[in-house]
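S.K.: here's a sequence, model it:
(2 chains)
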Amino acid sequence: MLKLKNVNFKIKGDNEKEVNILRDINLTIASGSFVVITGPNGSGKSTLAKIIMGIEKVTGGQIFFEGSDITDADINERAKAGIGFAFQQPVHFKGMQVRDLLSLSVGKELDVEEACTFLSKVGLCAMDYIFRELDSRLSGGEMKRIEIAMLLARRVRLSIFDEPEAGIDLWSFQNLIQVFKRLREETQGSIVVISHQERILEIADRIIVIEDGCVVQDGSRNEVFPKLMLGVEACEFYGRSVNFEHGA
Amino acid sequence: MNTALKKLLYRILGISSTPKGAYNFRINGINEGRAEFGGIQIINKCDKPGLNIIVEPGVKGEVIHIPVLIDRSGFSDLVYNDFHIGENCDIKIIAGCGIHNDGVHATQHSGIHTFYIGKGSNVKYDEKHYGQGSGRGDKVLNPKTVIYLEEGGRMEMNSVQIEGVDETERITKAVLAEDASLITKELILTSGIQSARTDFKIELNGKNSSVSLVSRSVAKDKSKQYFYSVINGNNKCKGYSACDAIIMDQAMVKAVPDVTAKHVDAELIHEAAIGKIAGEQIIKLMSLGLSYEEAEEKIVAAFLS
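M.R.: Take a look at the predicted model:
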């Protein structure tokens, strides 16, 4: 179980003035749940995901995971505790092969067959990729699918996907929905997905809406999803900041 | 061969005993072992230290090992090896130099290798340089490689220097005839106060000749690296030069790629990128459970693989 207690995150803006990115976030994410965090661009969704992984450190509040206070824990300590993260913009590594990174994800040297299994799950023709270097010759979409495969390979207790749909084509997106459905069925752990996508929202157990650094809606899919769809035109939802409470 | 020399041999050739096929072992300036094999002759030079290695036309699938090992502190070795590769050969040459220095004096090896590669021949050349030993004396390696590629000749040259060499000046010169191609990949790691200088000068004389020079290096501590590459496109040709370097600590890296087209159909590209390890690379590997130091080590090792 993940618990965020009064989490705040501030940065220094122009003229050294403090800017609140996240304000008094209180959340509990139960084991085994599939949670989608959504909201307008710039609302703080990705920052919240990074706060959970330890990539950004809170400026106030506490984070608990499986009963332990991980507020001051480093990224690798959180990873060892069972939190995994798929980045919105996957990182290139010159000289490192896809199989090397998958092996690091799993924590043991993978043979070709094992590595292929993980790549096949994200619709990549495994043998074409396994010895490829993770450099700029791989497209953004290919990198994204490999990034997702890495997190699937880790089998962690809390998987965080930061906008997994960004930069992938329609075919891959449809495959991604299947990946999440299967992951949901197979895993005992929790899944947190940062997303704008209606089809990902549709398969969530719970939807949390963040706006201007605050949680403005939090409830079951049946409760929140209709409000999002009925109250706000899609173009507004993606295009500018919208107060969902008013839209509902 | 003593333990130190055996270790050197293993580090540069990946073998612990006599290799199969043709070979010549040069230990502390003396030729200590030799075998000729399958159309390959190895002959001492008369006028200066070194060898003439002659490969008959049409020899395919053979491997030649030419290692140099030194464990005498203060010793300075100079050797001229000429490789005469006949037409339509397909061979592999594994060379390299290892220095073990337990003393206070500098030990140095300068290996001048000249390749005459016949028409339609394909040569793969692997060269590894390595230094070890507990002494304060420097381990200095200055390899010079000169390549003449005849029509349709091809050479792939991989050179690696990733440990223990205090000072190095590496010079590679090549002249390419029609349809000839040269591919080089260089991997260098320097640390402490080591310095490494690389100089490439390539003349693309022949129509449809091509060269690809790729250097990947990591400079740690207070080490210094200099990369110079000159490609002259004198005909319809393709040339590519790339220097990628990771800089760490208080190191210094200088890259000076230089391409000159002297023909309207010469296509020449150069790239040079120097930078520290990207923060997001460290974060990514830490998110897989690695410590900062482990992440840094993995990134460097992969970059130099």
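S.K.: contacts only, for the spatially most central residue of chain A.
M.R.: Closest residue to the average C-alpha location of chain A: A:Phe161 at 2.0 Å, with Cα atoms, centre = their mean. Residues in contact with A:Phe161 (Cβ atoms under 8 Å, 6 or more residues apart in numbering or on different chains) are A:Ala86, A:Ile148, A:Leu151, A:Ile191, A:Val192, A:Val193, A:Ile194, A:Ser195. Bear in mind the C-beta positions are built from the backbone N, C-alpha and C, glycine included.
S.K.: quick check: the third one is in a helix.
M.R.: Yes. Read with DSSP: H, G, I helix; E, B strand; the rest coil, A:Leu151 is one of the residues of a helix.
S.K.: that one touches A:Leu101, doesn't it?
M.R.: No. Between A:Leu151 and A:Leu101 there is no contact under Cβ atoms under 8 Å: 11.4 Å.
S.K.: quick one, helices of the chain?
M.R.: All of this is about chain A. Secondary structure of chain A, counting by DSSP state H: helices at A:45-53, A:75-81, A:98-106, A:112-121, A:126-129, A:140-154, A:170-186, A:198-201, A:221-231, A:234-239, A:244-247.
S.K.: that was the other one, I meant chain B.
M.R.: Assigned helices in chain B, in chain order: B:3-13, B:279-286, B:292-303 (criterion: DSSP H).
S.K.: pick the most buried one from those helices.
M.R.: Comparing these by mean neighbour count (mean count of other Cβ atoms under 10 Å in any protein chain shown), helix B:279-286 comes out on top with a mean of 20.
S.K.: what is the least confident helix or strand in chain A?
M.R.: helix A:244-247 (a mean of 36; mean pLDDT, DSSP states H and E).
S.K.: will you turn the helices of chain B into a markdown table that also has distance to chain A and mean pLDDT?
M.R.: Putting these into a markdown table (distance: least, Cβ to the nearest Cβ, whole Å; pLDDT from 0 to 100) gives the following:
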| stretch | distance to chain A | mean pLDDT |
| --- | --- | --- |
| helix B:3-13 | 20 | 90 |
| helix B:279-286 | 4 | 96 |
| helix B:292-303 | 4 | 95 |
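S.K.: got TSV for those, with distance to B:Lys20 too?
M.R.: Output for the helices of chain B, formatted as TSV (distance: least, Cβ to Cβ, whole Å):
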stretch	distance to B:Lys20
helix B:3-13	12
helix B:279-286	40
helix B:292-303	29
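S.K.: contacts only, for the residue in the stretch 101-250 of chain B that chain A sits nearest to.
M.R.: For the stretch 101-250 of chain B and chain A, the shortest gap (Cβ to the nearest Cβ) falls at B:Asp244, measuring 6.6 Å. B:Asp244 makes contact with A:Lys94, B:Val214, B:Ser215, B:Arg216, B:Ser217, B:Glu271, B:Ala272, B:Ala273, B:Ile274, B:Phe303, according to Cβ under 8 Å, 6+ apart.
S.K.: so what's the second one bridging to?
M.R.: Counting by DSSP bridges, B:Val214 is bridged to B:Lys185, B:Ala242.
S.K.: got a pLDDT number for it?
M.R.: Residue-level confidence at B:Val214 comes out at 94, pLDDT.
S.K.: that one against B:Thr184, yeah?
M.R.: Yes. B:Val214 is within contact range of B:Thr184, at 6.9 Å (criterion: Cβ under 8 Å).
S.K.: neighbour count winner among those two?
M.R.: Neighbours per residue (other Cβ atoms under 10 Å in any protein chain shown) separate B:Val214 from B:Thr184, with B:Thr184 holding more: 23 against 16.
S.K.: chain neighbours aside, what residue packs nearest to the more buried one?
M.R.: Distances taken as Cβ to Cβ, 6 or more residues apart in numbering or on different chains place B:Met157 nearest to B:Thr184, at 4.4 Å, with adjacent residues excluded.
S.K.: wait, that neighbour sits on B:Glu127?
M.R.: Yes. Counting by Cβ under 8 Å, B:Met157 touches B:Glu127, with 7.1 Å between them.
S.K.: joint contacts of these two?
M.R.: B:Thr145.
S.K.: could you export the contacts of B:Asp244 as JSON lines, including distance to B:Gly33?
M.R.: Shown next, in JSON lines, are these (distance: Cβ to Cβ, whole Å):
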{"residue": "A:Lys94", "distance to B:Gly33": "39"}
{"residue": "B:Val214", "distance to B:Gly33": "34"}
{"residue": "B:Ser215", "distance to B:Gly33": "33"}
{"residue": "B:Arg216", "distance to B:Gly33": "33"}
{"residue": "B:Ser217", "distance to B:Gly33": "33"}
{"residue": "B:Glu271", "distance to B:Gly33": "43"}
{"residue": "B:Ala272", "distance to B:Gly33": "42"}
{"residue": "B:Ala273", "distance to B:Gly33": "43"}
{"residue": "B:Ile274", "distance to B:Gly33": "42"}
{"residue": "B:Phe303", "distance to B:Gly33": "36"}
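S.K.: what number of residues lie near B:Ile247?
M.R.: There are 18 residues near B:Ile247, going by other Cβ under 10 Å.
S.K.: residues from chain A in reach of chain B?
M.R.: A:53, A:55, A:74-76, A:79-80, A:84-85, A:87, A:90-91, A:93-96, A:100, A:104-105, A:107, A:150, A:154 (Cβ under 8 Å from any Cβ of the partner chain).
S.K.: restricted to buried residues, select the residues you listed in ChimeraX.
M.R.: To isolate the buried members of the residues of chain A next to chain B in ChimeraX, using 16 or more other Cβ atoms under 10 Å in any protein chain shown:
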select /A:53,55,75,76,79,84,85,87,90,91,93,94,95,96,100,104,105,150,154
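S.K.: returning to that earlier point: out of the helices of chain A, which gets the lowest mean score?
M.R.: Looking at these, the bottom one is helix A:244-247 with a mean of 36.
S.K.: give me the beta-bridge partners of the residue nearest to B:Thr184?
M.R.: B:Tyr125, B:Thr184.
S.K.: which residues does it contact?
M.R.: By Cβ under 8 Å, 6+ apart, B:Met157 lies in contact with B:Tyr125, B:Asp126, B:Glu127, B:Thr145, B:Ile147, B:Thr172, B:Leu182, B:Ile183, B:Thr184, B:Lys185.
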